[in-house]
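Student: Structure for this input, please:
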Amino acid sequence: MEDIIISTLQRAMVAGTPLLLATTGEVICERSGILNLGVEGVMAMGAVVAFIVTMTTGHPWLGVLAAIAVGMAFSIIHAFTSITLQANQVVSGLALTMLGLGLSGMLGKPYVGKPLSIKMEDWVIPYFSDIPYLGKILFSQGPFFYIAIFLAMASWFLLERTRLGIQIRSTGENPKATETQGVNVFKIKYLSVIIGGGFSALAGAHLSISYSKSWIEGMTAGRGWIAIALTIFALWNPGRAIWASFLFGGIFVVQYLLQPLGISPNFLSMLPYIATLLILLLISLKDPKKLNAPAMLAEPYKRGER
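Tutor: Below is the predicted model of the structure:
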């Protein structure tokens, strides 16, 4: 029984890793006042590019770097339309998702069904990995797990303890007042969107070269949308995003554990999304003032306008 519990928690950490990466990126993006609904598309692009580069070169870390670069470049599209052109952020984000899913499917078509033989070894942390129970769960994981934890904690420190973080948060709350302090609001917004895109693409890279070690169209399976919901669930705080993401990772794992019980696979596949809807429903009942949402989220900012 102990082995089953440990194995389940291990798999929950793995399943929650891409959610944590994407959620952390979306938190940074939204704290600057930009809503990015293109997370799903950027994840798909990161996944396909990482897989193609890794299979072609034989170096998974080159695949990771390529995915991040493509994710950042892809996010510039959303940044340009929503910040420079002042277009509707919802429409721009949805368009980015459709573009990313379509383009990734086209680029990855020749690679469907081809397994990735290159394995990214787990990072076993000496001494800590010998701790009963926790050692196997937390200190014998793949590199993406530790990268996700580090980036989430670093993002929390950035937003809460640094000058740049204050500028990002104030841009999302009151861009006019921020600009009077000599801060280039447009630059801060662009930077936040691009960083968020890099994180989302990194989440996609984890799916294709570490989690499944293959490429199939639609492999993101709605994780980008769950990440957007988790951003709200975590109250726009990267620290809270850590436990929220791994909680949902556990829900993904539970659906596989329940399959032998004869429960409909279609119902089980719905579990993560049912949980997402329930959480959004509960959040909607909460006082909006206590949600900590950026005041100018999804609101276009026009310089010089009174």
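
Student: give me the low-pLDDT residue ranges for the stretch 201-306 of the chain?
Tutor: 286-291, 304-306 (pLDDT under 70).

Student: Helices of that one, start to end?
Tutor: Assigned by DSSP state H, counting those that start in this stretch, the stretch 201-306 of the chain shows helices spanning 223-233, 238-257, 265-284.

Student: Return the distance of the shortest one from the chain's centre.
Tutor: Centre-to-centre, helix 223-233 and its host chain are 8 Å apart (C-alpha atoms, centre = their mean, to the nearest Å).

Student: what does the second one give?
Tutor: Centre-to-centre, helix 238-257 and its host chain are 13 Å apart (C-alpha atoms, centre = their mean).

Student: Output the contacting helices and strands for it.
Tutor: For helix 238-257, the elements it packs on are helix 2-31, helix 143-161, helix 223-233, helix 265-284, judged by 3 or more C-beta pairs under 8 Å, 6 or more residues apart in numbering; DSSP states H and E. Placement of C-beta: from N, CA and C, glycine included.

Student: returning to what we had before: can you add distance to residue 50 and give the helices of the stretch 201-306 of the chain back as JSON lines?
Tutor: Converted to JSON lines, these look like this (distance: least, C-beta to C-beta, whole Å):
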{"stretch": "helix 223-233", "distance to residue 50": "15"}
{"stretch": "helix 238-257", "distance to residue 50": "20"}
{"stretch": "helix 265-284", "distance to residue 50": "23"}
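
Student: between those helices, which one is nearest to residue 17?
Tutor: For the helices of the stretch 201-306 of the chain, proximity to residue 17 was assessed by C-beta to C-beta; helix 238-257 is nearest, at 7.2 Å.

Student: so which of the helices of the stretch 201-306 of the chain comes closest to residue 298?
Tutor: helix 223-233 (12.0 Å).

Student: Next, work out how far apart the residue nearest to residue 248 when sequence neighbours are not counted and residue 229 are.
Tutor: Spatially, and ignoring its direct neighbours in sequence, residue 248 is nearest to residue 19 (5.6 Å; C-beta to C-beta, 6 or more residues apart in numbering). For residue 19, the distance to residue 229 (C-beta to C-beta, to the nearest Å) stands at 10 Å.

Student: again, but for residue 47
Tutor: Distance, residue 47 to residue 229, by C-beta to C-beta: 20 Å.

Student: quick one, which of these two is more surrounded?
Tutor: residue 47 (30 against 22; other C-beta atoms under 10 Å).

Student: got the contact list for the more buried one?
Tutor: Neighbouring residues of residue 47 by C-beta atoms under 8 Å, 6 or more residues apart in numbering: 67, 104, 204, 205, 207, 208, 215, 219, 220.

Student: For the third one, which non-adjacent residue is closest in space?
Tutor: Computed as C-beta to C-beta, 6+ apart, the closest residue to residue 204 that is not its neighbour in sequence is residue 46, at 3.0 Å.

Student: Can you say which helix or strand has that neighbour in it?
Tutor: helix 39-57 (DSSP states H and E).

Student: Double-check the residue nearest to residue 204 against residue 65; I have them as touching.
Tutor: No. Using C-beta atoms under 8 Å, residue 46 is not in contact with residue 65; the gap is 11.0 Å.

Student: out of these two, which sits in the busier spot?
Tutor: Applying other C-beta under 10 Å to residue 46 and residue 65 shows that residue 46 carries more neighbours, namely 38 against 16.

Student: which ones are touching the more buried one?
Tutor: 67, 68, 70, 71, 200, 201, 202, 203, 204, 205.

Student: Run through the stretch 1-150 of the chain and note the low-pLDDT ranges.
Tutor: Within the stretch 1-150 of the chain, no stretch has pLDDT under 70.

Student: could you redo the last one with a cut-off of 90?
Tutor: Low-confidence segments of the stretch 1-150 of the chain (pLDDT under 90): 1-8, 113, 115, 117-121, 126-130, 132-134, 136.

Student: does the closest residue in space to residue 213 that isn't next to it in sequence sit in a helix, a strand or a coil?
Tutor: Closest residue to residue 213 apart from its sequence neighbours, by C-beta to C-beta, 6+ apart: residue 116 at 4.3 Å. Here residue 116 is recorded as coil under DSSP: H, G, I helix; E, B strand; the rest coil.

Student: Pull the contacting residues for residue 116.
Tutor: The contact partners of residue 116, taken as C-beta under 8 Å, 6+ apart, are 51, 54, 55, 208, 209, 213, 214.
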